[in-house]
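Novice: sequence unknown, structure follows:
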């Protein structure tokens, strides 16, 4: 490693458990007992999710997707948070939480369908406890807070039953932290002592607006004004993101109220495939952040410190190749939506009035098509 790499240190108030050089460090408030096999599993998650992202970008460039929001550089934040969830917990994403979707066993093709236009946005979140992607900036934090209210009213918090007590995890970015919806959700969460964890991926840029133009204090400190704790974590450190999110979710399930996590990371790619970041940020920024790559630091640890099979990395690469083939072929084979599918997953039990509207609409589309 160069001396420049070894000069990288976390900020004093930022939780880090794995350095950019792949060295394990301890944090008194966030101890993490984890086996090398579990770290290897996290590495696999990181690699596979990045491959999904890479293939989706290529598909968009080939005209197969209308748009794609890349997660390059933010994999550790999403995998660490996603793997901290229990089965009964509920996740509310924005529009780029592909890593969290992976952790919740959502088929990548479901995500691609949204950006291809073959999925009209209706799927049953109960199957994976992963809510629909939200394009309206910050709106999902209110959805999450409302869901957390329901958890409390259902008596599914603070009982001590590990299979029943439920937490809610809401994702948003630094840009969304300036939205009224997010601040309103903070008010309600604090007032109700709700079991919700707000997970902000501070990737430094709200499209073209840098975070220092949005806040005069570090984002995680904002929660103190609402009455609940905030913590900043190295968002490129999957172990730290796992440990911090796990503790926050545990606190939420045990009726200790909300927590705000700021995962300090960087958006390596454009905001979406329709964006050109060269217009508003320096290329040297990305070069600096490449030294903190979330995958390379885990690989460095596994290579130097862990006892894993010699074929491990090759096996993961082979699996990533097969996944890429699944994504490419599956995307092109996605069926066009039917007229009546617009009405799917709107209600658990469809009202008679809506069923009549669906049938009339389907008949009209069929007649016009004929």
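Specialist: Yep, that arrived. Computed from a predicted model, the values in this text were never measured in an experiment.

Novice: now the most centrally placed residue in the chain: closest residue in space, sequence neighbours ignored.
Specialist: The centroid of the chain falls nearest to residue 97 when counting by Cα atoms, centre = their mean (3.2 Å). Once flanking residues are discounted, residue 97 sits nearest to residue 171: 5.3 Å by Cβ to Cβ, 6 or more residues apart in numbering. From N, CA and C alone the C-beta is placed, and that goes for glycine too.

Novice: do I have it right that the one you found meets residue 98?
Specialist: No. Residue 171 is beyond contact range of residue 98, at 11.3 Å (criterion: Cβ atoms under 8 Å).

Novice: residue 186: what's it in contact with?
Specialist: Counting by Cβ atoms under 8 Å, 6 or more residues apart in numbering, residue 186 makes contact with 198, 222-223, 226, 228, 258, 260.

Novice: may I ask which helix or strand encompasses it?
Specialist: Assigned by DSSP states H and E, residue 186 belongs to helix 180-191.

Novice: follow-up on the earlier one: compare residue 171 and residue 98 (neighbour count), which wins?
Specialist: residue 171 (29 against 25; other Cβ atoms under 10 Å).

Novice: beta partners of that one?
Specialist: Beta bridges link residue 171 to residue 199, judged by DSSP bridges.

Novice: for it, give me its contacts.
Specialist: Counting by Cβ under 8 Å, 6+ apart, the residues that residue 171 touches are 81, 91-94, 97, 100, 140, 199-201.

Novice: show the pLDDT at it.
Specialist: For residue 171, the pLDDT comes out at 98.

Novice: start at 692 instead
Specialist: That works, and once the first residue is 692, the last one we named lands at residue 862.

Novice: average pLDDT across the helix holding residue 877?
Specialist: Helix 871-882 comes out at a mean pLDDT of 98.

Novice: ok, now stretch 987-1007?
Specialist: Mean pLDDT, stretch 987-1007: 95.

Novice: what are the ranges of the strands in the stretch 742-891 of the chain?
Specialist: Along the stretch 742-891 of the chain, counting by DSSP state E, counting those that start in this stretch, strands occupy 781-783, 859-864, 887-893.

Novice: run through the neighbouring helices and strands of the first one.
Specialist: Secondary-structure packing of strand 781-783 (3 or more Cβ pairs under 8 Å, 6 or more residues apart in numbering; DSSP states H and E): helix 830-844, strand 859-864.

Novice: now do that strand: everything it contacts.
Specialist: Contacts with strand 781-783, where a contact means Cβ under 8 Å, 6+ apart, come from 773, 776, 788, 791, 795, 816, 820-822, 825, 831-832, 834-835, 838, 842, 857-862.

Novice: need the buried ones from the residues you listed selected in ChimeraX.
Specialist: Restricted to buried positions by 16 or more other Cβ atoms under 10 Å, the ChimeraX selection for the contacts of strand 781-783 reads:
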select :773,776,788,791,795,816,820,821,822,825,831,832,834,835,838,842,857,858,859,860,861,862
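
Novice: mind checking how far residue 747 is from residue 941?
Specialist: 33 Å (Cβ to Cβ, to the nearest Å).

Novice: returning to that earlier point: which one of the strands of the stretch 742-891 of the chain lies nearest to residue 1059?
Specialist: strand 781-783 (37.2 Å; Cβ to Cβ).
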